[in-house]
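Chemist: Let's see this in three dimensions:
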Amino acid sequence: MSRVVYEVVEHDGGWAYKFDNVFSETYPTHAAAHAAAVAAAAEQRVPGPTEVIQFEDEKGQWHEETAKGNDRPSTEVEDK
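Modeler: Down below sits the predicted model:
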């Protein structure tokens, strides 16, 4: 099982959460960013339908695979 950790950090004059160096929108307070990160983490754990997906890798090659709807990551929120 994969693991997703959202980090709540100062960003762009306010607060945001990030994962893998991708930032959320900026929130005015730490508490608001933390609450948004908790909500995003909860959504990541919700199972969905199994679907066939297509994606392009970093070399420009396209791939197709089946994404199982019940294969959800474990999630957590860390304050930095």
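
Chemist: Tell me the spacing between the residue in the chain sticking out farthest from the centre and Phe55.
Modeler: Distance from the C-alpha centroid of the chain, by Cα atoms, centre = their mean, peaks at Gln61 (23.7 Å). Computed as Cβ to Cβ, to the nearest Å, the Gln61 to Phe55 distance reads 10 Å. All C-beta atoms are positioned from the backbone trio N, CA, C, and that covers glycine.

Chemist: so what's Val22 bridging to?
Modeler: Note on Val22: beta-bridge partners Phe19, judged by DSSP bridges.

Chemist: what about it, distance to Val9?
Modeler: Separation of Val22 from Val9 (Cβ to Cβ): 12 Å.

Chemist: low pLDDT regions in the chain?
Modeler: The model of the chain has pLDDT under 70 over residues 1.

Chemist: What segments of the chain are helices?
Modeler: In the chain, the helices defined using DSSP state H lie at 30-44.

Chemist: Which stretches in it count as strands?
Modeler: Using DSSP state E, the strands of the chain run over 3-11, 14-19, 22-23, 51-56, 62-67, 74-79.

Chemist: For Ala33, which of the ones you listed is the nearest?
Modeler: Closest of these to Ala33 is strand 14-19, at 3.7 Å (criterion: Cβ to Cβ).

Chemist: how many other residues sit next to Thr75?
Modeler: Other residues lying near Thr75 total 19 when counted by other Cβ atoms under 10 Å.

Chemist: Leaving aside the residues adjacent along the chain, what's closest to it?
Modeler: Counting by Cβ to Cβ, 6 or more residues apart in numbering, Ala41 is the residue found nearest to Thr75 once chain neighbours are left out, at 3.8 Å.

Chemist: which residue is nearest the middle of the protein?
Modeler: Note: the chain centre (Cα atoms, centre = their mean) maps to Phe19, 5.8 Å.
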